[in-house]
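>>> Here is a sequence with its predicted model. Questions after.
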Amino acid sequence: MAKKVFANKANIIIEGPFTVERAGELHQFLVERLDGVPEQAGQSTIDLSRVDDIDACGCQLLALFLENLKRRGTTPVLAAAPAAVRDRINTLGFGDLLALQPGP
């Protein structure tokens, strides 16, 4: 099972595949993480540098998570996605919705 690492209350690092096979686990993880982010936290960075695969389900989970952060008054920023993950997100049509920061 892939690791999930909390960097601090406003930042999150995700590891491993962000795919339908892990949807239940990822959903639970994101719900727990959302509960840990204080209201009006300013900015929250979601570091994707350790994500090695993503599919449409993973993109949908990320989109929902980002929307929930926005509703709490937090500005979410997806950062450090590997080129293959960024390409996949764009190919699946989620590039604009997820507003990825430029990668390394």
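It's in. In this text the structure is predicted, and so the values were computed from the model without any measurement. Numbering: from 1, shown residues only.
>>> nearest residue to Leu62 other than its sequence neighbours?
Leu98 (6.0 Å; Cβ to Cβ, 6 or more residues apart in numbering). C-beta coordinates here come from the backbone N, C-alpha and C atoms, glycine included.
>>> was I right about the one you found contacting Leu64?
No - counting by Cβ atoms under 8 Å, Leu98 sits too far from Leu64 to count as a contact (11.1 Å).
>>> how about the longest strand anywhere in the chain: buried residues?
Longest strand of the chain, by residue count under DSSP state E: strand 42-54. Residues 44-48, 50-51, 54 are the ones in strand 42-54 that count as buried (16 or more other Cβ atoms under 10 Å).
>>> That strand pairs with which strands, and in what direction?
strand 11-18 (parallel), strand 74-79 (parallel) (DSSP bridges).
>>> which one of those lies closest to Phe29?
strand 11-18 (8.1 Å; Cβ to Cβ).
>>> Name the residues of the closest one that come out as buried.
Quick answer for strand 11-18 (16+ other Cβ under 10 Å): 11-14, 16-18.
>>> swap in stretch 71-80?
Per 16+ other Cβ under 10 Å, stretch 71-80 contains these buried residues: 74, 76-80.
>>> List just the nearest of the residues you listed to Arg88.
Leu78 (13.1 Å).
>>> In terms of pLDDT, where does the closest one sit?
With respect to pLDDT, Leu78 scores 90.
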